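# next input, structure requested:
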Amino acid sequence: MPTTVRMPEVLANATEAAIQSWSVAVGDTVAVGQPFAEIETDKAVVEYAAETSGTVLQLLVAEGDSVDVGAPIAILGEPGEAPGAPDAAPAAETPAAVAPSDPESASPVADAEPVFEAGTAEAAPAPAPTASGVPGERRFVSPLVRRVARERGISLDGVIGSGPHGRIVRRDLESLTPAAPAPAGAPAVPAPAVVPAPPAAPSAPAGPEPELIPHTRMRRTIARRLTESKTQVPHFYLTADCRVDRLLELRRELNAAGTVKVSVNDLVVKAVAGALADVPEANRTWSDEGMLVHRTADIAIAVSLEEGGLVTPVVRGVEALSISALGLRIADLAERARSGGLRQHEIEGGSFAVSNLGMFGTQEFSAIINPPHAGILAVGAARQAPVVVDGALEVGTVMTVTLSADHRVLDGALAARWLAAFVARIEHPLTILA
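Numbering: from 1, shown residues only. Okay, here's the model as predicted:
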């Protein structure tokens, strides 16, 4: 009997996800635990492993399409078996179709999302031809062109755009015919009097229209989550300068003596864990029911993706890792974050985060807290600067760090104690290795 595979809830409270790529094809034999698909979630691309064995009879969702959690995405069965219809989802899981409230919302514009009806094996009706004339392709139309077409009564159906990637631009409207005139017998509307227009003032030649690049699912999620963070989490900021001459010397000695290259960021993350041990009251996160007290230092590392976006995989139990083991762990998570190989548990939880832009030469910045974390440490570049030692001026290497703290969890004095403990660890780096 065929088995319906549904879109999993790969992140807590997720309502939809997208198939980035299939790891199987129709006719393949699948075993439990075998990679089945790469699913784009709110935070990253996660590899989904098969939970049922069988032969792939049908793939119901195209790569790149987004569907609700719980919606059918594939059908497994015996070789040669007819796929049949997917098992019906519970009524609560099947979203009702919503009719657009205005004609514009019904237009297949660039940011329209494909709709997948759960509970049926039939393909959706073929989409109308788009700007390129190929069914199923998205039509790219600038808002200006849509407005002008609407004002002139011009239909854009079947129009082939001459702009980049088939975009319909204003010059494409010049050869189009306005909507048909009113039917015979309709009362004539007198034409308005023609008033000679004043001579047009000379203007600079119009430049090329800006290109609209539709938002990716990850970019929309980053925008939503960080907007929620800034509006719902009361941020406050503390900044400190750390003298890092001894830290850099320790790093040189570690790299000269060991086989694993240690980065400044590895030492910073280890110092964050040490400061959480020094001030355990800071290792907490907010929940509506009460404070969650964490017993281990689970620290998220901000990783920038080459194609744009940001993920924050979590290194768990940092306090128990050696500096070389920590460096290997961070490098592994960063590599798999960029290649889409993170697991669900690796992007959830944690109480604290580190964002380091020092490698780009950024001297100082403030970061936005990524809930549920109670704080994030923004790390700038180490730089030569004048410092005062015993009343005398000398040149030292200084690194500026800024703590963004959740005021629901960390009061000012508590955050200041934690930051002082972090600075002490950085400026006495042998304590980081203890």
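# thought residue 318 was touching residue 271?
No - with contact defined as CB atoms under 8 Å, residue 318 does not count as touching residue 271 (10.0 Å). From N, CA and C alone the C-beta is placed, and that goes for glycine too.
# what residue ranges in this protein score low on pLDDT?
Where the chain drops to pLDDT under 70, the residues are 10-14, 41-44, 87-145, 147, 163-167, 169-171, 174-205.
# how about 50 then?
Applying pLDDT under 50 to the chain flags residues 90-137, 179, 182, 189, 191-194.
# for it, which segments are assigned as helices?
Secondary structure of the chain (DSSP state H): helices located at 143-152, 217-232, 245-257, 264-278, 323-339, 412-427, 430-433.
# output those in CSV; the columns should cover mean neighbour count and distance to residue 86.
As requested, the helices of the chain are exported to CSV (neighbours: other CB atoms under 10 Å; distance: least, CB to CB, whole Å):
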stretch, mean neighbour count, distance to residue 86
helix 143-152, 14, 36
helix 217-232, 14, 23
helix 245-257, 14, 56
helix 264-278, 23, 45
helix 323-339, 18, 31
helix 412-427, 19, 52
helix 430-433, 14, 54
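# now distance to residue 78 too, for these, in a markdown table please.
Listed next are these as a markdown table, based on distance: least, CB to CB, whole Å:
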| stretch | distance to residue 78 |
| --- | --- |
| helix 143-152 | 50 |
| helix 217-232 | 35 |
| helix 245-257 | 57 |
| helix 264-278 | 50 |
| helix 323-339 | 34 |
| helix 412-427 | 59 |
| helix 430-433 | 58 |
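# of these, which is nearest residue 70?
Evaluated over the helices of the chain, closeness to residue 70 peaks at helix 217-232, with 17.7 Å, by CB to CB.
# tell me which residues are up against that closest one.
18, 40, 42-44, 66, 215, 305, 308-310, 368-371 (CB atoms under 8 Å, 6 or more residues apart in numbering).
# out of the residues you listed, which one sits closest to residue 340?
Closest to residue 340, out of all of these and judged by CB to CB, is residue 44, at 7.3 Å.
# still on that earlier bit, okay, and which of the contacts of helix 217-232 map to strands?
18, 40, 66, 310 (DSSP state E).
# among those, name the buried ones.
Neighbour counting by 16 or more other CB atoms under 10 Å classes 18, 40, 66, 310 among those as buried.
# now the two most distant members of those residues.
66 and 310 (19.8 Å).
# include distance to residue 264 when you put the ones in strands among the contacts of helix 217-232 into JSON lines, please.
Shown next, in JSON lines, are the ones in strands among the contacts of helix 217-232 (distance: CB to CB, whole Å):
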{"residue": "18", "distance to residue 264": "36"}
{"residue": "40", "distance to residue 264": "32"}
{"residue": "66", "distance to residue 264": "39"}
{"residue": "310", "distance to residue 264": "20"}
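# so which of the residues you listed comes closest to residue 155?
Using CB to CB, the ones in strands among the contacts of helix 217-232 come closest to residue 155 at residue 66, 28.3 Å.
# skip the chain neighbours and tell me the closest residue to residue 427.
Distances taken as CB to CB, 6 or more residues apart in numbering place residue 243 nearest to residue 427, at 5.6 Å, with adjacent residues excluded.
# oh sorry, the question was meant for residue 45
Nearest one to residue 45, counting by CB to CB, 6+ apart, is residue 340 at 3.4 Å.
# just give the number of residues close to the one you found.
Residues near residue 340, counting by other CB atoms under 10 Å, number 17.
# so what's it up against?
Going by CB under 8 Å, 6+ apart, residue 340 touches 20, 38, 44-47.
# how about a cut-off of 7 Å?
20, 38, 45 (CB atoms under 7 Å, 6 or more residues apart in numbering).
# residue 64 versus the second one, what's the distance?
What it means is residue 38. Distance of residue 38 to residue 64, given as CB to CB, to the nearest Å: 11 Å.
# same thing with residue 81?
Residue 81 is 28 Å from residue 64, where distance means CB to CB.
# cool, and residue 338?
Going from residue 338 to residue 64 by CB to CB gives 19 Å.
# ditto for residue 400
Taking CB to CB, one finds residue 400 at 42 Å from residue 64.
# do residue 315 as well
31 Å.
# who has more neighbours, those two?
For residue 315 and residue 64, the more surrounded residue by other CB under 10 Å is residue 315, and the numbers stand at 21 against 12.
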